[in-house]
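> Pasting the sequence and the predicted model now:
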Amino acid sequence: MSGGNSLPGASRARGYAYRGFRSPVWYSLWAWGAIAKDGLIVELVRRRRLPVIGDGAGIWSFIHVQDVARATMAAMSGRGAPGIYNVVDDEPAAVSTWLPFLGSAIGAKPPRKVPVWLGRLVPGAGGVSMMTKIRGGSNAKAKRELSWQLIYPSWRSGFVEGLG
């Protein structure tokens, strides 16, 4: 295929302006995502089955589903240069910060804390990495290029209001 085997390459070859998103963890009251009122992560937090592993220094980025829709509409309107955009809120957060906050927002007890060696037994190396090493994204390019404005600029207000 001319333009490469990727969607951006194929889009350029056909004269389309490709705008792709990298979205982290989605949340909302009704979303199909794991952080929804009846989603998997919320249920695990309620039952205290999602602990902070190690120092909980992994930085997560979040986005409310309504903000994803707004970014999609901005991209479809033709704003911004073709390319990849991080569609995230303004406040990436460490697991040790957002996980207890989520618990509080849904009326759960604080999460347990487990050492890394124990975390490797259940979620495995990938789960430990998600809890201790990953890094959040920046939305600066998406906000600048797409003239995109968030309804929920922080997961803090989004968890409280958006999970109802």
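Nice, thanks for sending it over. Numbering: from 1, shown residues only.
> Show me which positions of the host helix or strand of Val68 end up buried.
In this assignment (DSSP states H and E), Val68 forms part of helix 65-76. Using 16 or more other Cβ atoms under 10 Å as the test for burial, helix 65-76 gives 65, 67-68, 70-72, 74-75. Where C-beta positions appear, they are placed from N, C-alpha and C, glycine not excepted.
> what's the following helix or strand after that helix?
strand 83-86.
> Partner strands of the next helix or strand after that following strand and their direction?
Sequence order places strand 93-94 as the next helix or strand after strand 83-86, per DSSP H and E. Strand 93-94 has its sheet partners listed here by DSSP bridges as strand 59-60 (antiparallel).
> Looking at the strand it pairs with now, give me its mean pLDDT.
Averaged over strand 59-60, pLDDT sits at 94.
> what residue ranges in this structure score low on pLDDT?
Within the chain, the segments meeting pLDDT under 70 span 1-24, 26, 28-34, 162, 164.
> list the helices and strands the helix holding Val68 packs on?
Other elements packing on helix 65-76 under the criterion 3 or more Cβ pairs under 8 Å, 6 or more residues apart in numbering; DSSP states H and E are strand 19-22, strand 25-28, helix 140-146.
> next one: that helix to chain centre, how far?
Relative to the centre of its chain, helix 65-76 is centred 14 Å away, using Cα atoms, centre = their mean, to the nearest Å.
> now stretch 52-70
Here stretch 52-70 is found 4 Å from its chain centre; the criterion is Cα atoms, centre = their mean.
> Could you do stretch 153-164 as well?
13 Å.
> Surely Tyr27 and Trp155 touch.
Yes. Judged on Cβ atoms under 8 Å, Tyr27 makes contact with Trp155 at a distance of 7.4 Å.
> out of those two, which sits in the busier spot?
The residue with more neighbours, out of Tyr27 and Trp155, is Trp155; 29 against 26, by other Cβ atoms under 10 Å.
> how close does that one get to Gly78?
Counting by Cβ to Cβ, to the nearest Å, the separation of Trp155 from Gly78 is 29 Å.
> Over to Pro153?
24 Å.
> So these two - more neighbours on which side?
Pro153 (16 against 9).
> Skipping adjacent residues, who's closest to the more buried one in space?
Asp90 (4.4 Å; Cβ to Cβ, 6 or more residues apart in numbering).
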